[in-house]
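Colleague: Output the structure for:
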Amino acid sequence: MILFLGTRPGKIHLKNLEGVSCTYCNQKNTLTASTSSSYFHLFWIKLFKISTNVIAECSYCKRVYYQEEFSKEMRRALERSI
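Modeller: Numbers count the residues shown, from 1 in each chain. Next comes the predicted model:
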């Protein structure tokens with residue numbers, strides 16, 4: 001019997017962080033947060049989530065913020081949009 005198991009990425013969800021300024025260029029309403037998850041699968045059926053990654057990117061200066069670098073303002077805006 002052959003088993004097909006492994007990991008694969010799920011869908012990427014994009015959310016605009018309204019009312020938040022980029023800490024690098026100080027432009028307001030330019031940050032977009034993207035959330036991606038990885039899943040363990042068996043025979044191409046998702047069984048459970050392994051990890052979730054959240055990053056934010058400024059559309060003006062292209063600065064990328066990882067979840068550890070989020071300001072309090074970014075975290076609040078992300079929680080509001082969920």
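
Colleague: Centre-most residue in the chain?
Modeller: Nearest to the mean C-alpha position of the chain, by Cα atoms, centre = their mean, lies T35 at 2.2 Å.

Colleague: residue contacts, the residue nearest to T52 when sequence neighbours are not counted?
Modeller: Leaving out its chain neighbours, the residue that sits closest to T52 by Cβ to Cβ, 6 or more residues apart in numbering is S37, at 4.7 Å. To be clear about C-beta, it is placed using only N, CA and C from the backbone, and glycine gets the same treatment. Contacts for S37 were tallied using Cβ atoms under 8 Å, 6 or more residues apart in numbering; they are 9-10, 49-53.

Colleague: all helices for this protein, in order.
Modeller: 72-81 (DSSP state H).

Colleague: Grab the longest strand from it for me.
Modeller: strand 45-58 (DSSP state E).

Colleague: ok, and what's touching that one?
Modeller: Contacts of strand 45-58 (Cβ under 8 Å, 6+ apart): 7-8, 10, 17, 22, 24-25, 27, 30-41, 63-67, 70, 74, 78.

Colleague: Got a PyMOL select line for the buried ones in those?
Modeller: Of the contacts of strand 45-58, the buried ones go into a single PyMOL selection, burial set by 16 or more other Cβ atoms under 10 Å:
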select buried, resi 17+22+30+31+33+35+37+39+41+63+65+70+74+78
